[in-house]
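> Kindly generate the corresponding structure for this input.
(chains A and B)
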2 protein chains.
Amino acid sequence: MQKKVYLAGPDVFLSNGKEILGRKAEMARAAGFVPLCPGDLAPPPVETKNARGLAISGINEGMMRQADAVIANMTPFRGLAADVGTSFELGFMCALGKAVYAYTNIPDDHFKRCAAYYKGDLTRSADGRMRGPDGLSLEDFDMADNLMLDGGIKSRGGAFVVGNAPADQIYTDLTAFAECLRIFSERHGH
Amino acid sequence: MQKKVYLAGPDVFLSNGKEILGRKAEMARAAGFVPLCPGDLAPPPVETKNARGLAISGINEGMMRQADAVIANMTPFRGLAADVGTSFELGFMCALGKAVYAYTNIPDDHFKRCAAYYKGDLTRSADGRMRGPDGLSLEDFDMADNLMLDGGIKSRGGAFVVGNAPADQIYTDLTAFAECLRIFSERHGH
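Numbering: from 1, shown residues only, chains lettered A, B, ... in the order given. I've put the predicted structure just below:
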């Protein structure tokens, strides 16, 4: 039985999202898996925008339940952290006990990205934590993103692949995605 | 048996995080619940920063499994969207079938915050979606955040309370949190 893999990520928001997700699906098939992509199933006609969003959420949750694994694109999205929808999905798949893989196309880790967000204006508070001028502390755990994301993956024996895409290709470079597929295939493929 | 509620959110990063979480815990107790807070349990001594992050992740996952419900603080964090760790936790709790409640202290919905991020520089593409100058489409579903977050809560009969805190109190105002407690108490309390 071929394993099903849910391709989570903000790829759906790209102007060439269908093309990118199509390429990812093709790569997953070539590696021997059945890809499940957000956007593959159209929601039924509904009366309000809110109902449409709710229907898409239900479809995506259904695909995740069907899937054996997730490969999540955690590349920072409109800011310094991963997409929150993808983060939700990663947590969802962790709780369901699925195989969890993720990648980012930005090599700077969470601490470095937060420090850049504060333009380096950091101070160490009495409790030993580094904080920005707004008082918010920075996680410093040698992790690509928030500890729940990295920890959820690592504690389940998954992999969080850190890529280094050219600046104009952070949402389209599939090198790190391919590496996730390779690792998943080595462990769970035929 | 008193219900246990996991208090998810970026509150732990505040300079007065312990005080705020203490107040939230006290309010939860006053409403008849047992609060479980990230940071309540100290991880064992470990050798690396990474191992420490992993240990905290494990502790938080354990607390979530113990809990009957989550009240997640989804107030935008270091940018336009919710904290990714909290988003992961919301997804985790949705998958486990727990009761899910959330709040934000920013009244502007997801679309409005994204539009502000692009300073209103939006165009409608051929597929009918509004996009920023970077080509990324904006979700427009009358939702407080990404559809997976709002959808996960709504489809489970939870509540996503939208507050309107003063600008200097978006991380400390507990009005919307209190409303989550009130709704949860009405439905599941004694």
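
> Which parts of chain A are helices?
A:17-30, A:49-66, A:84-95, A:110-117, A:147-154, A:175-188 (DSSP state H).

> Distance to chain B, mean pLDDT and mean neighbour count added to the ones you listed, as TSV?
Heads up, the C-betas are built off the backbone N, CA and C, glycines and all. As requested, the helices of chain A are exported to TSV (distance: least, C-beta to the nearest C-beta, whole Å; pLDDT from 0 to 100; neighbours: other C-beta atoms under 10 Å in any protein chain shown):
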stretch	distance to chain B	mean pLDDT	mean neighbour count
helix A:17-30	8	97	17
helix A:49-66	2	98	19
helix A:84-95	3	98	29
helix A:110-117	6	98	18
helix A:147-154	2	98	26
helix A:175-188	18	95	18
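
> now those helices in CSV, with distance to B:Lys112?
Output for the helices of chain A, formatted as CSV (distance: least, C-beta to C-beta, whole Å):
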stretch, distance to B:Lys112
helix A:17-30, 22
helix A:49-66, 13
helix A:84-95, 16
helix A:110-117, 22
helix A:147-154, 27
helix A:175-188, 32
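
> Can you report how many residues neighbour A:Asp68?
A:Asp68: 18 surrounding residues under other C-beta atoms under 10 Å in any protein chain shown.

> ditto for A:Ile170
Around A:Ile170 there are 16 residues (other C-beta under 10 Å).

> How about the contacts made by the closest residue in space to A:Gly151 that isn't next to it in sequence?
With C-beta to C-beta, 6 or more residues apart in numbering or on different chains as the criterion, A:Gly151 has its nearest non-adjacent residue at 2.4 Å, and that residue is B:Ser57. Contacts of B:Ser57 were listed using C-beta atoms under 8 Å, 6 or more residues apart in numbering or on different chains, and they are A:147-148, A:150-152, A:155.

> Distance of B:Ser57 relative to A:Pro35?
Using C-beta to C-beta, to the nearest Å, B:Ser57 is found at 28 Å from A:Pro35.

> Report pLDDT for the residue lying farthest from the centre of chain A.
Here chain A reaches farthest from its C-alpha mean at A:Ala126, the gap being 34.2 Å by C-alpha atoms, centre = their mean. Note on A:Ala126: pLDDT of 93.

> gap between the nearest residue to A:Arg23 once chain neighbours are set aside and B:Phe177?
In this structure, A:Arg23 finds its nearest non-sequential neighbour in A:Leu174, 6.5 Å apart by C-beta to C-beta, 6+ apart. Using C-beta to C-beta, A:Leu174 is found at 41 Å from B:Phe177.

> ok so, going back, quick one: the residue nearest to A:Arg23 and A:Lys24 touch, right?
Yes: contact criterion C-beta atoms under 8 Å: A:Leu174 and A:Lys24 qualify, at 6.6 Å.

> Domains in chain A, by residue range?
A:4-107+A:146-188, A:110-143 (automatic domain parsing).

> I'd like these laid out as a markdown table, including distance to B:Ala102.
Formatted as a markdown table, the domains of chain A follow (distance: least, C-beta to C-beta, whole Å):
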| stretch | distance to B:Ala102 |
| --- | --- |
| domain A:4-107+A:146-188 | 11 |
| domain A:110-143 | 20 |
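
> mind listing what the nearest residue to A:Ala159 once chain neighbours are set aside touches?
Leaving aside its chain neighbours, A:Ala159 sits nearest to A:Ile183 (4.9 Å; criterion: C-beta to C-beta, 6+ apart). Going by C-beta under 8 Å, 6+ apart, A:Ile183 touches A:101, A:159, A:161.

> of all those residues, which comes closest to A:Asp168?
Set against A:Asp168, the nearest of the contacts of A:Ile183 by C-beta to C-beta is A:Val161 (20.3 Å).

> and the closest one, what does it touch?
Contacts of A:Val161 by C-beta under 8 Å, 6+ apart are A:101-104, A:176, A:179-180, A:183.

> confidence score at A:Ala8?
Listed pLDDT for A:Ala8 reads 98.

> neighbours around it, how many?
A:Ala8 has 32 neighbouring residues, counting by other C-beta under 10 Å.

> Check whether it really touches A:Ala69, as I assumed.
No: look at A:Ala8 against A:Ala69 with C-beta under 8 Å: they stay out of range, at 10.4 Å.

> Quick check: neighbours shared by the two?
A:Met93.

> Looking at the closest residue to A:His188 other than its chain neighbours now. What's its pLDDT?
Distances taken as C-beta to C-beta, 6+ apart place A:Lys3 nearest to A:His188, at 5.7 Å, with adjacent residues excluded. Looking at A:Lys3, its pLDDT reads 96.

> A:Lys3 and chain B, how far apart?
With distances taken as C-beta to the nearest C-beta, to the nearest Å, A:Lys3 is found 19 Å from chain B.

> Repeat that for A:Lys119.
13 Å.

> Determine which two of the contacts of A:Val161 are furthest apart.
Largest pairwise distance in the contacts of A:Val161, by C-beta to C-beta, is 14.8 Å, between A:Thr104 and A:Ile183.

> so who does A:Met130 touch?
Contacts of A:Met130 (C-beta under 8 Å, 6+ apart): A:111, A:115, A:122-124, A:137-138, A:140.

> B:Met143 is in contact with A:Gly53, correct?
Yes: the pair A:Gly53 and B:Met143 passes the contact test of C-beta under 8 Å, sitting 5.4 Å apart.

> Right, I'll leave it there.
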